[in-house]
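Trainee: Predicted model, plus sequence, below.
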Amino acid sequence: MARIASAPISWGVCEVPGWGHQMQPERVLAEMKELGFEATEFGPEGFLPDAPADKAAVLKDNNMVAVGGFVPVVLHDAEVAPLPTIEKELEGFVAAGGKTLVLAAATGIDGYDADRPVLDEAGWATVYTNIDRILEAAQKVGVSVALHPHAGTMVENKDDVNHILSGSSVNICFDTGHMFIGGIDPVQFAVDHADRISHVHLKDVKLEFARRVQAGEQTYYDAVVEGMYRPLGQGDIDIAKIVSSLEKAGFDGWYVLEQDNVIHEEPTAGEGPIADARVSLDYLKGLISA
């Protein structure tokens, strides 16, 4: 378990307004602990207390270490300054010991299903400049940054990712599910760009849903509700090959079990998201030990 962490989104806790029922941190953290997790990402704003010291205290009280967290900010708009938001987030990272800021290039529109702006070269230049500023601010306080290609953001598909790889020095948060949905072969990406991967979000995905989202035939949210994400080993991504490839390449960062989930009501004790999290955790422990 030394390099395996969890994330509140696996319990349906999400930054998107209207994203189903939001479970309370007391239960989510208790269920993580019950499964044997000792580390977690922070979750969205409002899940843990805003005050850095209080955020750290809640995790400490639950014997949980922070590995970092997902922070979506607008990077492409020259009229929007992301640094104040980042600097505020970094205070919480420092207080709780979180070492990886998982950065997402938000569109500026709530949710992941709206039409996103189309960037020209000036727009990409603004993205690169803002990433450089964020890298500098994070480095000053001992936090690393990993850019997360994510469905419904400004870095979503193969072309977007290539822009980041060629135009910026930022490392990548390798999310097997979002790469897959964005039309990128995650197995090949792990082989070709292991040197740029510093943080991993492991998801398994049913191909039929991913293809419908890619084609615009189904919203991301609806696909999640209907079961696009499956416990590790039960979808169409070769998770075993990805983990093996990363280990052989010397990856020594965190594997975060992060299965986007939507729940509609408080689960009965012992049921709900904890069941899928248990299956994924057992599968991954088996892969790593092998």
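Mentor: That came through fine.
Trainee: Within its sheet, name the partner strands of the longest strand along the chain and how each one runs.
Mentor: In the chain, taking DSSP state E as the definition, the longest strand is strand 65-74. Applying DSSP bridges, strand 65-74 is found paired with strand 39-41 (parallel), strand 100-106 (parallel).
Trainee: List every C-alpha atom in the longest one, with coordinates, as CSV.
Mentor: Spelled out, that is strand 100-106. C-alpha atoms of strand 100-106 as CSV (Å, rounded to 0.1, in the frame of the first residue of the first chain):
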residue,chain,number,x,y,z
THR,A,100,1.5,16.7,-6.2
LEU,A,101,-0.8,19.4,-7.5
VAL,A,102,-2.9,17.7,-10.2
LEU,A,103,-3.6,20.6,-12.6
ALA,A,104,-6.5,20.6,-15.1
ALA,A,105,-7.0,23.2,-17.8
ALA,A,106,-10.6,24.1,-17.1
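Trainee: Use 21 as the first number from now on
Mentor: New numbering, starting at 21: the last item is strand 120-126.
Trainee: neighbouring contacts of the helix or strand just after it?
Mentor: For strand 120-126, the following helix or strand on the C-terminal side (DSSP states H and E) is helix 141-160. Contact partners of helix 141-160, identified using C-beta atoms under 8 Å, 6 or more residues apart in numbering, comprise 95-98, 102-103, 106-107, 110, 121, 123, 125, 137, 139, 164-165, 167, 174, 183, 187-190. Bear in mind the C-beta positions are built from the backbone N, C-alpha and C, glycine included.
Trainee: Which of the residues you listed fall within helices?
Mentor: Leu103, Ile106, Glu107, Leu110, His183, Gly187 (DSSP state H).
Trainee: Filter those residues down to the buried ones, PyMOL style.
Mentor: Per 16 or more other C-beta atoms under 10 Å, the buried members of the ones in helices among the contacts of helix 141-160 correspond to this PyMOL selection:
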select buried, resi 106+110+183
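Trainee: that older thread, can you add mean pLDDT, distance to Tyr303 and mean neighbour count and give the strands paired with strand 85-94 back as CSV?
Mentor: Formatted as CSV, those follow (pLDDT from 0 to 100; distance: least, C-beta to C-beta, whole Å; neighbours: other C-beta atoms under 10 Å):
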stretch, mean pLDDT, distance to Tyr303, mean neighbour count
strand 59-61, 96, 18, 25
strand 120-126, 97, 22, 26
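Trainee: Spit out the contact partners of Ala297.
Mentor: Per C-beta under 8 Å, 6+ apart, neighbours of Ala297: Ser26, Ser30, Trp31, Glu51, Met52, Leu55, Leu277, Gln279.
Trainee: Centre of the chain to the one helix or strand it maps to, how far?
Mentor: Assessed by DSSP H and E, Ala297 sits inside helix 293-309. The chain centre lies 17 Å from the centre of helix 293-309; the measure is C-alpha atoms, centre = their mean, to the nearest Å.
Trainee: Can you show me the CA trace of that helix as PDB?
Mentor: Output of helix 293-309 as PDB, limited to C-alpha atoms (Å, rounded to 0.1, in the frame of the first residue of the first chain):
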ATOM      1  CA  PRO A 293     -18.700   2.700  -3.800                       C
ATOM      2  CA  ILE A 294     -16.700   0.800  -1.200                       C
ATOM      3  CA  ALA A 295     -17.500  -2.500  -3.000                       C
ATOM      4  CA  ASP A 296     -15.900  -1.400  -6.300                       C
ATOM      5  CA  ALA A 297     -13.000   0.300  -4.500                       C
ATOM      6  CA  ARG A 298     -12.300  -3.000  -2.800                       C
ATOM      7  CA  VAL A 299     -12.200  -4.900  -6.100                       C
ATOM      8  CA  SER A 300      -9.900  -2.400  -7.700                       C
ATOM      9  CA  LEU A 301      -7.600  -2.300  -4.800                       C
ATOM     10  CA  ASP A 302      -7.300  -6.100  -4.600                       C
ATOM     11  CA  TYR A 303      -6.600  -6.200  -8.300                       C
ATOM     12  CA  LEU A 304      -3.900  -3.500  -8.200                       C
ATOM     13  CA  LYS A 305      -2.200  -5.000  -5.200                       C
ATOM     14  CA  GLY A 306      -2.000  -8.300  -7.000                       C
ATOM     15  CA  LEU A 307      -0.400  -6.600 -10.100                       C
ATOM     16  CA  ILE A 308       2.200  -4.700  -8.100                       C
ATOM     17  CA  SER A 309       3.200  -7.700  -5.900                       C
END
